[in-house]
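K.L.:
this one's sequence-less:
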């Protein structure tokens with residue numbers, strides 16, 4: 001006697017399909033199942049971009065070119081060219097290490113009194129038309 005199980009693939013109308021998924025950086029778990037919580041779609045790409053921008057080149061042992069070197073700029077003298085250099089570093093890093101994101105606009109506003117850089121990144125995820133905004137502040141650690 002053989003048991004035949006048939007599954008019908010149907011999804012509720014209001015549920016977005018998961019295209020990209022990733023884990024939280026602190027590896028949070030669900031209380032009930034004790035599974036790792038996941039980030040999905042745009043949130044996954046946002047977290048990846050944050051990791052790229054917060055990593056200096058040379059910090060990853062087996063991938064020394066990974067990162068953006070934006071944090072190193074916080075220790076430099078702030079000039080009029082600093083914002084443009086930061087924009088170029090951001091665009092290059094995302095182009096090299098995050099193929100799921102298409103950059104629409106990058107805004108960098110330096111705050112030399114607080115030793116920080118405010119970054120506003122507008123991008124779209126591959127195969128999606130709506131723009132996603134990521135705001136990030138990088139502070140100099142003393």
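P.N.:
Structure's in. What do you need? As the structure is a prediction and not an experimental result, all values here were calculated from the model. Numbers count the residues shown, from 1 in each chain.
K.L.:
Tell me which residue lies nearest the centroid of this protein.
P.N.:
Nearest to the mean C-alpha position of the chain, by CA atoms, centre = their mean, lies residue 49 at 2.2 Å.
K.L.:
in the protein, which helix or strand is least confident?
P.N.:
Each helix and strand of the chain was given a mean pLDDT (mean pLDDT, DSSP states H and E); the minimum falls on strand 21-23 at a mean of 59.
K.L.:
pLDDT weak spots in the protein?
P.N.:
By pLDDT under 70, the low-scoring segments of the chain are 1-41, 142.
K.L.:
all strands for it, in order.
P.N.:
21-23, 38-40, 101-111, 116-125, 131-139 (DSSP state E).
K.L.:
Let me have these in JSON lines, extended by distance to residue 66.
P.N.:
No exception for glycine: its C-beta is placed from N, CA and C like everyone else's. Output for the strands of the chain, formatted as JSON lines (distance: least, CB to CB, whole Å):
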{"stretch": "strand 21-23", "distance to residue 66": "16"}
{"stretch": "strand 38-40", "distance to residue 66": "19"}
{"stretch": "strand 101-111", "distance to residue 66": "16"}
{"stretch": "strand 116-125", "distance to residue 66": "18"}
{"stretch": "strand 131-139", "distance to residue 66": "17"}
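K.L.:
Okay, and the beta partners of the nearest residue to residue 102 once chain neighbours are set aside?
P.N.:
Nearest non-adjacent residue to residue 102, counting by CB to CB, 6 or more residues apart in numbering: residue 124, 4.9 Å away. Beta-bridge partners of residue 124, counted by DSSP bridges, are residue 102, residue 131.
K.L.:
Contact partners for residue 124?
P.N.:
Residue 124 makes contacts with 101-102, 104, 130-132, as judged by CB atoms under 8 Å, 6 or more residues apart in numbering.
K.L.:
that older thread, residue 54: which of the strands of the chain is closest?
P.N.:
Counting by CB to CB, residue 54 lies closest to strand 131-139 out of the strands of the chain; the figure is 7.1 Å.
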